[in-house]
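Chemist: Just the structure for this:
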Amino acid sequence: MSQHKVVLLLGSNLGDQKKNLETALEKIRQGGNEILQLSEFLTSDPVEFASSNIFCNIATIIFTHLSPIQLLDFVKSIEMDMGRINDSKVSGGYADRIIDIDIVKYNELKFVSERLEIPHKKHLFEREFSRILLKDFI
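Modeler: Numbers count the residues shown, from 1 in each chain. Next comes the predicted model:
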């Protein structure tokens, strides 16, 4: 079974944000993925929507045997298990969330579908907090 090197970005701005991120990372690990590297936690203001809740974010590099769509389904299942109700792709806009897990890079793959775009251009090029978290990863 081949292993794929993937960069994920996780964020939370509801509840105990650091605990939410740690829980999500543990669920990623329990799903048979190996966590290779973690960034420091970084707090940031919400991007592309207004909220008084500050985000806590972390980046990670993992090895996974999952395909891009399988990985997307897996991280979406973690989000739902943790209580995330609204998905920005479905609702058409951003809102406060207990957990958000984005696939930023998957090997050197370029992939575009209705549900997923790799690499995640907004995180790589447009969002300051993402550039800070990913500076040692990309």
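
Chemist: quick one: the spatially closest residue to E48 that is not a sequence neighbour and D73, what's the gap?
Modeler: Spatial nearest neighbour of E48, chain neighbours left out: Y94 (5.2 Å); criterion: Cβ to Cβ, 6 or more residues apart in numbering. Every residue, glycine included, has its C-beta placed from N, CA and C. Using Cβ to Cβ, to the nearest Å, we find Y94 at a distance of 21 Å from D73.

Chemist: can you check L21 too?
Modeler: L21 is 20 Å from D73, by Cβ to Cβ.

Chemist: By mean pLDDT, flag the weakest helix or strand of this protein.
Modeler: Every helix and strand of the chain was ranked by mean pLDDT, DSSP states H and E. The lowest is helix 88-91, at a mean of 54.

Chemist: Quick check: what element follows that helix along the chain?
Modeler: Following helix 88-91 in sequence order, the next helix or strand is strand 100-106 (DSSP states H and E).

Chemist: Check which residues of stretch 33-42 are buried.
Modeler: N33, S39 (16 or more other Cβ atoms under 10 Å).

Chemist: which residues touch the residue nearest to E48?
Modeler: Contacts for Y94 (Cβ atoms under 8 Å, 6 or more residues apart in numbering) come out as P46, V47, E48, F49, S88.

Chemist: for the second one, what are its contacts?
Modeler: Pointing back at V47 there. Y94, R127, F129.

Chemist: try it again with 10 Å
Modeler: Shown in contact with V47 (Cβ atoms under 10 Å, 6 or more residues apart in numbering): G11, F55, Y94, K122, E126, R127, E128, F129, S130.

Chemist: Generate TSV for these, with secondary structure, distance to V112 and pLDDT as supplementary columns.
Modeler: As requested, the contacts of V47 are exported to TSV (DSSP: H, G, I helix; E, B strand; the rest coil; distance: Cβ to Cβ, whole Å; pLDDT from 0 to 100):
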residue	secondary structure	distance to V112	pLDDT
G11	strand	23	94
F55	strand	26	94
Y94	coil	21	71
K122	helix	14	74
E126	helix	17	75
R127	coil	19	81
E128	helix	24	82
F129	helix	24	83
S130	helix	19	85
